[in-house]
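Need coordinates for the following:
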Amino acid sequence: MRLFATALAATLAVAAAGQAHANLISNGDFELFGDGWTTTGTVGFITLSDYMGIAGSPASLANRAASFGPGDFGGEHVLTQSFATVVGDLYILSFDLGAFGGASNIMQVSVGDAVAGYSAIAVNNAETTFHTYTLGFTGTGMDTVRFSVTTVADSTDALVDNVSILAVSQTNPVPEPGAWALMILGFGAVGANLRRRGLAVHEGSPR
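A predicted model of the protein is given here:
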């Protein structure tokens, strides 16, 4: 029974390891406000309820996010974080982008060898809607994700939330040979234990 329990636990551990997705970004949901991030210009770490004093009713009032250019400040507002990667491996950046105000901002995003621009569109100080975007890149050993918005003083704040970076291999993990062997051993032990229990029940049955 102890061998059975050990093998079963090992099998489950291997399966769980295949499911795990390690986000390379620290505090990507900004629930710890700006911890782990570096900023230049004016970037605030706010709860969406902070906008209630202005107008409208942003979605998920308790949700925290990074806000670019709050307070109608002009200039370039930049948010960055560096992280370790494996040279040559493929990664995917994912993030949610929204805006609050009455106009739009262009969010410039760069990471590794990838650069892209996205429109953060606000709708008349009304409900804030976030859209999810992804960007693929190749690791160089140490990479930096950079979000930036350049504004003239305006009443629109671009918002970023739920930043994550995952290795492509983690999004569709394939167990290594050693893991396969351990899983087979575990399933074999489970099967053997079930056969022994079935035989014991059969031998103990009335004839």
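
quick one, strands of this protein?
38-40, 43-47, 64-68, 75-84, 90-100, 104-111, 114-121, 131-138, 142-151, 157-167 (DSSP state E).

out of the ones you listed, deepest packed?
When the strands of the chain are scored by mean count of other C-beta atoms under 10 Å, the highest mean neighbour count falls to strand 64-68 (a mean of 26). For the C-beta atoms, the positions are set from N, CA and C on the backbone; glycine is no exception.

That one: partners in the sheet, and parallel or antiparallel?
strand 43-47 (antiparallel), strand 157-167 (antiparallel) (DSSP bridges).

Give the rounded mean pLDDT of the shortest one.
Same thing as strand 43-47. For strand 43-47, the mean per-residue pLDDT is 91.

so what's Asn63 up against?
Neighbour list for Asn63: Thr47, Leu48, Asp161 [criterion: C-beta atoms under 8 Å, 6 or more residues apart in numbering].

Can you get me a residue count around the second one?
Which is Leu48. By other C-beta atoms under 10 Å, 22 other residues sit near Leu48.

For Thr47, give its distance to Gly139.
33 Å (C-beta to C-beta, to the nearest Å).

Would you reformat the contacts of Asn63 as JSON lines and include distance to Val152?
Listed next are the contacts of Asn63 as JSON lines, based on distance: C-beta to C-beta, whole Å:
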{"residue": "Thr47", "distance to Val152": "26"}
{"residue": "Leu48", "distance to Val152": "24"}
{"residue": "Asp161", "distance to Val152": "25"}
